[in-house]
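1. Sharing a model prediction with you, sequence too.
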Amino acid sequence: MSPSSPQQGWAEYAEYARRLDSVRAEENARTAGIREGVAQMSEHADELVALLDNQRYHLTAFAQKAKLTFPPGAGTPPEGRVEPQTDLARVAQLIDEAESQGADAHNRAIRPNLLPGLSGGLRGFVVFGVTALVIMAVQFVGFATTGNNPDFLRYGVLVPLVGFGAASLLLRVGNKGRDPDLAPAPVPTRLGLLMCFGALPVLFLILIAANRS
């Protein structure tokens, strides 16, 4: 076999140099991509840390205000190999879940303790309405046990007054939520007085109508 000519050696050298430049360019591109990915993950991690700090501050303040307690102990540490990209995505998902659960807890905290699905006025009407029915039942027993001649001071004043006081107290407690900064709905005092002290006249009319029939 004849030795390689200078032209062939130079061609081989140029080809090797070209391949080396190509490999170097690919490696530089790969390294740049890795660096860019690491920078993006680092930036994402910084954003998640800021979100966690802000979320922890608001949740802790809300828990103290609403007198909520958290279970003792920290979170479960990760097991096995840590995959930054996967774990960051999981942390972001957990932050979203905590945000949603925190919003639900806040909505529950601002809801009144009694009949939360009703407005303040309707809640007062229901409570005083039930109280008026109870008062009317007690007054009916008074009519039945005294031969339709009950003590007016007892059944016409004291019983409605006790019922009104009990219903008002129930509404004052029931209108409050777990958030102490939220003003409770006012108690409809006039409506309560009308319904509680109007039970006796209504019962009297019912008895008259029943006797006539």
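-> Ah, there it is.
2. Give me the below-cutoff pLDDT ranges for this protein.
-> 1-10, 12-13, 37-39, 41, 44, 58-59, 61-88, 91, 106, 213 (pLDDT under 70).
3. could you pull out the helices for this structure?
-> 6-66, 84-110, 120-145, 152, 159-174, 189-197, 199-212 (DSSP state H).
4. okay, those in a markdown table with mean neighbour count and distance to residue 183 next?
-> In short, each C-beta sits where N, CA and C put it, glycine included. Below are the helices of the chain laid out as a markdown table (neighbours: other Cβ atoms under 10 Å; distance: least, Cβ to Cβ, whole Å):
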| stretch | mean neighbour count | distance to residue 183 |
| --- | --- | --- |
| helix 6-66 | 11 | 14 |
| helix 84-110 | 13 | 11 |
| helix 120-145 | 17 | 11 |
| helix 152 | 11 | 39 |
| helix 159-174 | 18 | 12 |
| helix 189-197 | 17 | 17 |
| helix 199-212 | 13 | 30 |
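5. Which among the ones you listed is found nearest to residue 181?
-> Minimum separation from residue 181 across those (Cβ to Cβ) falls at helix 6-66, 6.9 Å.
6. what does stretch 109-123 rub up against?
-> Applying Cβ atoms under 8 Å, 6 or more residues apart in numbering, the contact partners of stretch 109-123 are 62, 66, 126-127, 170-171, 173-179, 182, 184-186, 188.
7. And it, how far out from the chain middle?
-> 15 Å (Cα atoms, centre = their mean, to the nearest Å).
8. next one: stretch 128-144
-> For stretch 128-144 - counting by Cα atoms, centre = their mean - the centre lies 39 Å from the chain centre.
9. what's the answer for stretch 99-107, then?
-> Centre to centre, stretch against its chain (Cα atoms, centre = their mean), the figure for stretch 99-107 is 3 Å.
10. could you dump it to PDB, C-alpha only?
-> C-alpha atoms of stretch 99-107 as PDB (Å, rounded to 0.1, in the frame of the first residue of the first chain):
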ATOM      1  CA  GLU A  99     -54.700  28.000  48.300                       C
ATOM      2  CA  SER A 100     -58.000  26.400  47.400                       C
ATOM      3  CA  GLN A 101     -58.400  24.800  50.800                       C
ATOM      4  CA  GLY A 102     -57.500  28.100  52.500                       C
ATOM      5  CA  ALA A 103     -60.100  29.900  50.500                       C
ATOM      6  CA  ASP A 104     -62.700  27.200  51.500                       C
ATOM      7  CA  ALA A 105     -61.700  27.600  55.100                       C
ATOM      8  CA  HIS A 106     -62.000  31.300  54.900                       C
ATOM      9  CA  ASN A 107     -65.500  31.000  53.300                       C
END
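11. Any chance of the backbone angles for residue 179?
-> Residue 179 adopts backbone torsions of phi -90, psi 110, taken as degrees, to the nearest 10.
12. Which residue comes closest to it once chain neighbours are left out?
-> Spatial nearest neighbour of residue 179, chain neighbours left out: residue 109 (4.6 Å); criterion: Cβ to Cβ, 6 or more residues apart in numbering.
13. measure residue 142 to residue 175 for me?
-> Distance of residue 142 to residue 175, given as Cβ to Cβ, to the nearest Å: 31 Å.
14. oh sorry, the question was meant for residue 194
-> Distance of residue 194 to residue 175, given as Cβ to Cβ: 19 Å.
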